[in-house]
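J.: Here is my input; please provide its structure:
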Amino acid sequence: FPVFMERSEVREGVEAALIEQGIVPRRYFYPSLNRLPYVKNVPMPVSEHKAATALSLPFYPGLPAEVVERIAATLKRHIG
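T.: Presented below is the predicted three-dimensional model:
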């Protein structure tokens, strides 16, 4: 489940806190497509911001409610 933070530092904090708990999020929209080595690198500030601030949270039918609660608590601590 993708979520977008305001700043990359917030995403990094959430990601690290989840990993400490054994919950593995993934980067989302990363890297920005203009940063791929086979594409001409032109500035794309919106895409670059989304790539820097997006995080994909675990999301599947068997995800235990306890894990969902820990994810939500972590987001609340870091985002407010």
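
J.: Tell me which residues touch the residue nearest the centre of the chain, please.
T.: Closest residue to the average C-alpha location of the chain: L55 at 1.2 Å, with CA atoms, centre = their mean. The contact partners of L55, by CB atoms under 8 Å, 6 or more residues apart in numbering, come to P2, V3, F4, M5, R11, V14, E15, P25, R26, R27, Y28. Every C-beta, even on glycine, is put in place using the N, C-alpha and C of the backbone.

J.: switch to 6 Å and redo it
T.: V3, R11, E15, P25 (CB atoms under 6 Å, 6 or more residues apart in numbering).

J.: Tabulate those residues (a markdown table), appending distance to G80 and pLDDT.
T.: Shown next, in a markdown table, are the contacts of L55 (distance: CB to CB, whole Å; pLDDT from 0 to 100):
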| residue | distance to G80 | pLDDT |
| --- | --- | --- |
| V3 | 13 | 96 |
| R11 | 14 | 97 |
| E15 | 17 | 97 |
| P25 | 18 | 97 |
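
J.: Spatially, which two of these are the most separated?
T.: By the measure CB to CB, V3 and E15 form the most distant pair in the contacts of L55, at 10.8 Å.

J.: Quick one: the strands in the chain, in order.
T.: Assigned by DSSP state E, the strands in the chain fall at 2-4, 26-27, 54-56.

J.: neighbouring strands for the second one, and are they parallel or not?
T.: This means strand 26-27. strand 54-56 (antiparallel) (DSSP bridges).

J.: before we move on, the earlier item: tell me which of the strands of the chain sits most buried.
T.: Sort those by mean neighbour count, taking mean count of other CB atoms under 10 Å, and strand 54-56 sits at the top with a mean of 18.

J.: Tabulate the strands of the chain (TSV), appending distance to S47.
T.: As requested, the strands of the chain are exported to TSV (distance: least, CB to CB, whole Å):
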stretch	distance to S47
strand 2-4	12
strand 26-27	14
strand 54-56	11
